[in-house]
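1. kindly generate the corresponding structure for this input.
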Amino acid sequence: MSNDVMIYANDLSKTFGAFRALDKINFEVKRGEIVGFLGPNGAGKSTTMRILTCFISPTGGFARVNGHDVFDAPLKVRESLGYLPQRAPLYLEMSVLEYLRFAADLRHIDDSTFRKRAKNVVEVCGLAQVLGKEIRHLSHGYRQRVGLAQALIHDPPILILDEPTSDLDPNEKAEFLDYLKQIGEERTVLLSTHNLAEVETSCARAIIVSSGRIVADGPLDEIRAKSGRVRYVISVQESAGSRPYRGRGAPPKKGEVEDALGKVEGVKKLGELPTDESAHTFELVSEQEHDLRPDLFQLAADKGWVLLELRRDTQTLEDVFRNLTIGDERRNRQLSPVAPEDEDEDDEDDDDEGEAVGSASSDAEEKVAKADRS
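-> Residues are numbered from 1 along each chain as shown. Sure thing, here's the model as predicted:
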């Protein structure tokens, strides 16, 4: 195994009684990569994260983190990574600084090193204005920042994040993803989520898991092209009073445009899209190896149509995700024995939540020192 491989899973399997949560999955994450680990609820994402972070052991296969086996050397694995579960296990009665110091003590970080690292994580996570506040009085967004800070306090080379934005509002999600991109410049990150927009914003590569098996792994562009088909949208002006058609005859009828488009070589599917009365707009689907745009443009020119729009789209990541994981959704709608799957458990008490307001200070080191002295 290459020294650049930071996370390695080989035939990784996990069963809970008769239920198979993971079925011989294989993947690797190299140094410096930010990889999205995608799948619907119950697909095996959290089970994989918990094996990699040594919370549970695999039933079969093995995994290595930073070269250390998760079964044989769990302490070395934990030293190598920072972990942020879906709901960070925070001590609500502690202040933010007390909690960070507690996390540092667990990592055997001395006082001088703690001050330097606390300064860095406070700046990155935007915690300067809430260091002295009790965690119970922070919003979900700030609590997630605190959870991320504890995952970073020992400066690990690997970060594993399990649904880190599931409880955040849109503004908080955007801020968190900005932090993630900053952090990912220096670390290997495995981001488990079912939010495709987060992956497209933060990751260059994705792994899609369904029913405990990997169904896609690669750069996002390759995954989008997995179906082998592409989509085209063409819009032709139809308004009789428009200047381009004056003196050139009547604008085309809907049926005329539809019939002509259907005869273009390579068109596999044709359908009209809703639009106003000024245009005829159609969606076409073809095989990926043949680009229809030159033929569509030439058709419009030969017919004398006024072309308002012509674009080619590969499948969206959401389309491919649904195609690859639709079986999970169908199974979820069928009655079956209840299995002890541990995906997406969500039972944390959210009482006493308040709103923390404020921006990060440019002098985070001074903030840490003042709060620590108090």
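
2. any idea of the mean pLDDT in stretch 13-21?
-> Across stretch 13-21, the average pLDDT comes to 93.

3. that should have said stretch 72-82, apologies.
-> The model assigns stretch 72-82 a mean pLDDT of 93.

4. same deal with stretch 303-319?
-> Rounded mean pLDDT across stretch 303-319 is 85.

5. in that stretch, what's buried?
-> 305-306, 308, 314-315, 317, 319 (16 or more other CB atoms under 10 Å). C-beta: built from backbone N, CA, C; applies to glycine.

6. now stretch 183-196
-> 183-184, 187-196.

7. for the stretch 201-350 of the chain, what spans make up the helices?
-> 220-224, 254-262, 293-303, 317-332 (DSSP state H, counting those that start in this stretch).

8. could you dump these into CSV and include distance to Pro58?
-> What follows is the helices of the stretch 201-350 of the chain, written out as CSV (distance: least, CB to CB, whole Å):
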stretch, distance to Pro58
helix 220-224, 26
helix 254-262, 53
helix 293-303, 49
helix 317-332, 21
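
9. which residues in this protein form strands?
-> In the chain, the segments counted as strands under DSSP state E are 5-16, 19-30, 34-38, 60-65, 68-69, 81-84, 158-162, 188-193, 205-210, 213-219, 229-237, 267-272, 279-287, 307-314.

10. redo these as JSON lines? Include distance to Leu296.
-> Formatted as JSON lines, those follow (distance: least, CB to CB, whole Å):
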{"stretch": "strand 5-16", "distance to Leu296": "45"}
{"stretch": "strand 19-30", "distance to Leu296": "40"}
{"stretch": "strand 34-38", "distance to Leu296": "33"}
{"stretch": "strand 60-65", "distance to Leu296": "49"}
{"stretch": "strand 68-69", "distance to Leu296": "56"}
{"stretch": "strand 81-84", "distance to Leu296": "48"}
{"stretch": "strand 158-162", "distance to Leu296": "43"}
{"stretch": "strand 188-193", "distance to Leu296": "37"}
{"stretch": "strand 205-210", "distance to Leu296": "31"}
{"stretch": "strand 213-219", "distance to Leu296": "28"}
{"stretch": "strand 229-237", "distance to Leu296": "6"}
{"stretch": "strand 267-272", "distance to Leu296": "9"}
{"stretch": "strand 279-287", "distance to Leu296": "8"}
{"stretch": "strand 307-314", "distance to Leu296": "6"}
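
11. so for Asn171, which of the ones you listed sits nearest?
-> Taking CB to CB, strand 188-193 is the member of these nearest to Asn171, at 17.9 Å.

12. which parts of the chain belong to which domain?
-> 5-225+350-373, 228-314 (automatic domain parsing).

13. tell me which of those domains sits nearest to Ile326.
-> Here domain 5-225+350-373 is closest among those (CB to CB), at 8.8 Å.

14. for the chain, give me the ranges with low pLDDT.
-> For the chain, the stretches flagged by pLDDT under 70 are 1-2, 227-228, 239-249, 314, 327-374.

15. what distance do you get for the nearest residue to Val264 once chain neighbours are set aside to Val233?
-> Nearest residue to Val264, sequence neighbours excluded (CB to CB, 6 or more residues apart in numbering): Asp295, at 5.3 Å. Per CB to CB, to the nearest Å, Asp295 is found 15 Å from Val233.

16. then Val122?
-> 48 Å.

17. more neighbours: those two, which one.
-> Val122 (26 against 14; other CB atoms under 10 Å).

18. what about the more buried one, distance to Gln144?
-> Separation of Val122 from Gln144 (CB to CB) stands at 15 Å.

19. quick check: Leu84 touching Ile160?
-> Yes: look at Leu84 against Ile160 with CB atoms under 8 Å: they come within range, at 7.5 Å.

20. of the two, who's got more company?
-> Neighbour totals were compared for Leu84 and Ile160, and Ile160 leads with 25 against 22 (other CB under 10 Å).
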